[in-house]
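# Sharing a sequence plus its predicted fold:
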Amino acid sequence: MGRLFAIEIIYRGIYQKTLAKNISRAIVLAAHKEGKPGISFGRYGDSPERNGIPAKSFAIVATDDLTLEEGMAKYEPKEVDVTIAVDDTLCKGVESWAWYGLQPVNRLLKPGGTLIVTSRETPEKLIAMSHRKDHPYQLAILKGTPSFSGLWVYKDDHTDVRILGAISRVLPELFSLKSVQAAIQDEWKDPVKSESAARAHERMTTVTVNPNQGNPEIPYAFELPKWHEMGEGIAIPCIPAGGAIADPETHVEGGWRPDRNPTFKKFATRTMRPVVNFDTCIKCTLCWLHCPDSCFDVTPENLYDANMEACCGCGVCEAVCPVKDCVTMVNETSFSDNSSQWEAWRKDKEGYKTWLNEKIEHRPERSHGFRFLGQYEEQVPEMLEIARKG
Ligand code: SF4
Ligand code: SF4
């Protein structure tokens with residue numbers, strides 16, 4: 001029996017679709033250079049993709065045809081040698097729109113396997129964001145701003161080939177850098193991309209993550225009904241209306257918090273979150289009206305608190321708020337929980353102001369696709385500079 005290699009690419013639907021496809025396809029092409037058969041495919045349940053909702057692609061490679069056939073008999077690999085997260089906020093967990101609950105980013109990693117993350121954050125920060133595992137694994141950071149583009153456009157900032165170079169370093173049994181460069185030459189005919197792969201290969205380092213490191217929280221899950229529990233017809237339970245909120249200081253009840261879907265929470269879709277300045281809010285209701293996911297809880301004093309269990313991070317509330325810096329989208333890596341901003345503000349207004357100013361002052365550059373014409377052209381040279389310097 002030969003050896004089977006499994007690699008998964010976890011990415012954000014639509015925004016990183018082409019990136020994930022480029023990586024999974026080129027993994028197989030590079031392995032072919034060494035006579036190893038392989039196949040790449042997207043996870044069935046992720047199609048059709050939704051903007052930003054975590055999705056997966058796989059590349060399965062074997063040392064011979066029979067081993068590949070046996071490996072492909074499973075719908076989805078049960079364990080992988082390498083997990084690639086092309087956006088660092090995915091370290092907080094992966095929730096598919098096809099309802100799997102929240103899965104740790106490292107869930108499928110074999111003991112000693114490697115998680116490669118595209119990020120400008122430190123290993124300590126990424127480890128704290130990722131759920132604990134009961135065996136050690138390796139973390140490798142591909143330095144750079146996570147690459148986002150759109151359905152019809154692709155930001156060619158070399159993230160794809162840099163990931164390939166990194167794989168050849170952390171899993172040399174799969175393929176060598178030479179094979180990666182040969183596949184790049186066939187696919188893109190671009191020596192600069194080949195050079196980017198080589199630099200990532202040279203500079204890639206890993207740290208060991210032990211079982212006592214990482215987020216200790218048990219991610220939420222739910223039981224799917226068994227076939228014998230299903231009724232003869234389909235009844236889709238509606239979501240209850242919700243109810244008033246108690247003020248954490250006065251305990252007086254008021255406002256309204258709508259009930260929400262308990263099995264699809266959506267916060268794993270978020271790469272940025274809104275931070276609300278309750279002191280400058282003029283209660284115009286625009287954020288509440290325009291939020292596509294009914295995320296805003298109405299507080300007893302008619303302020304609007306973006307519920308972090310429900311917010312998908314679309315940024316509409318920031319766009320419609322008429323007050324400068326009243327709603328500011330901030331990189332999701334800056335937060336470690338989903339607690340209520342309004343409750344924090346009610347308990348300590350001065351402390352909240354300090355927290356808010358610190359968060360919005362250091363908001364890193366991140367965007368969902370285009371915000372203005374020519375944005376990608378501006379971002380690509382910056383990314384290429386990072387790739388060059390390593
Ligand atoms: S970013 Fe704002 S508008 Fe978008 S889902 Fe979150 S709260 Fe709603
Ligand atoms: S849009 Fe801005 S000012 Fe209006 S209610 Fe929302 S947070 Fe307040």
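Sure thing, it's come through. Numbering: from 1, shown residues only. Ligands and ions are numbered 1, 2, ... in the order given.
# Quick one, grab the pLDDT at Gly242.
Looking at Gly242, its pLDDT reads 93.
# Just give the nearest non-adjacent residue to it, would you?
In this structure, Gly242 finds its nearest non-sequential neighbour in Pro258, 3.9 Å apart by Cβ to Cβ, 6 or more residues apart in numbering. C-beta here means a position set from N, CA and C on the backbone, and glycine is covered the same way.
# so the one you found sits right up against Cys238, yeah?
No - taking contacts as Cβ atoms under 8 Å, Pro258 lies outside contact range of Cys238: 11.8 Å.
# Who has more neighbours out of these two?
Taking neighbours as other Cβ atoms under 10 Å, Pro258 and Cys238 compare with Pro258 leading, 16 against 7.
# Contact partners for the more buried one?
Ile239, Ala241, Gly242, Ser294, Asp297 (Cβ atoms under 8 Å, 6 or more residues apart in numbering).
# The stretch 1-150 of the chain: helices as residue ranges?
17-32, 65-72, 123-129 (DSSP state H, counting those that start in this stretch).
# To ligand 2, which of the ones you listed lies closest?
Minimum separation from ligand 2 across the helices of the stretch 1-150 of the chain (Cβ to the nearest ligand atom) falls at helix 123-129, 27.3 Å.
# sorry, back to before: with mean pLDDT and mean neighbour count as extra columns, can I get the helices of the stretch 1-150 of the chain in JSON lines?
As requested, the helices of the stretch 1-150 of the chain are exported to JSON lines (pLDDT from 0 to 100; neighbours: other Cβ atoms under 10 Å):
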{"stretch": "helix 17-32", "mean pLDDT": "97", "mean neighbour count": "23"}
{"stretch": "helix 65-72", "mean pLDDT": "91", "mean neighbour count": "15"}
{"stretch": "helix 123-129", "mean pLDDT": "97", "mean neighbour count": "18"}
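# Pipe those into TSV and attach distance to ligand 1 per row.
TSV is the format used below for the helices of the stretch 1-150 of the chain (distance: least, Cβ to the nearest ligand atom, whole Å):
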stretch	distance to ligand 1
helix 17-32	21
helix 65-72	38
helix 123-129	19
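# possible to save these as CSV with distance to Glu229?
CSV is the format used below for the helices of the stretch 1-150 of the chain (distance: least, Cβ to Cβ, whole Å):
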stretch, distance to Glu229
helix 17-32, 35
helix 65-72, 31
helix 123-129, 36
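# got the buried residues for stretch 29-43?
For stretch 29-43, a neighbour-count test (16 or more other Cβ atoms under 10 Å) marks Leu29, Ala30, Ala31, His32, Lys33, Lys36, Pro37, Gly38, Ser40, Gly42, Arg43 as buried.
# Most widely separated two among the residues you listed?
Spatial extent of the buried residues of stretch 29-43 (Cβ to Cβ) is set by the pair Lys33 and Arg43 at 26.0 Å.
# Give me every residue in this protein lying close to ligand 2.
Residues of the chain lying near ligand 2 by Cβ under 6 Å from any ligand atom: 276, 281-287, 304, 320-321, 323, 326-327.
# contacting residues around the residue nearest to the spatial centre of the chain?
Nearest to the geometric centre of the chain sits Leu90, at 2.7 Å (Cα atoms, centre = their mean). Neighbouring residues of Leu90 by Cβ under 8 Å, 6+ apart: Ile10, Tyr11, Arg12, Pro54, Val105, Val117, Ala268.
# low-scoring stretches of the stretch 251-390 of the chain, by residue?
For the stretch 251-390 of the chain, residues meeting the criterion pLDDT under 70 lie at 362-376, 390.
# rerun that using 80 as the cut-off
For the stretch 251-390 of the chain, the stretches flagged by pLDDT under 80 are 362-380, 382-390.
# pLDDT score for the one residue in the stretch 101-250 of the chain that gets nearest to ligand 2?
At 15.9 Å from ligand 2, Ile245 is the closest residue in the stretch 101-250 of the chain, using Cβ to the nearest ligand atom. At Ile245, the predicted lDDT confidence score is 95.
# what's the helix or strand in which it is found packed up against?
Under the criterion of DSSP states H and E, Ile245 resides in strand 243-246. With contacts defined as 3 or more Cβ pairs under 8 Å, 6 or more residues apart in numbering; DSSP states H and E, strand 243-246 has these neighbours: strand 253-257.
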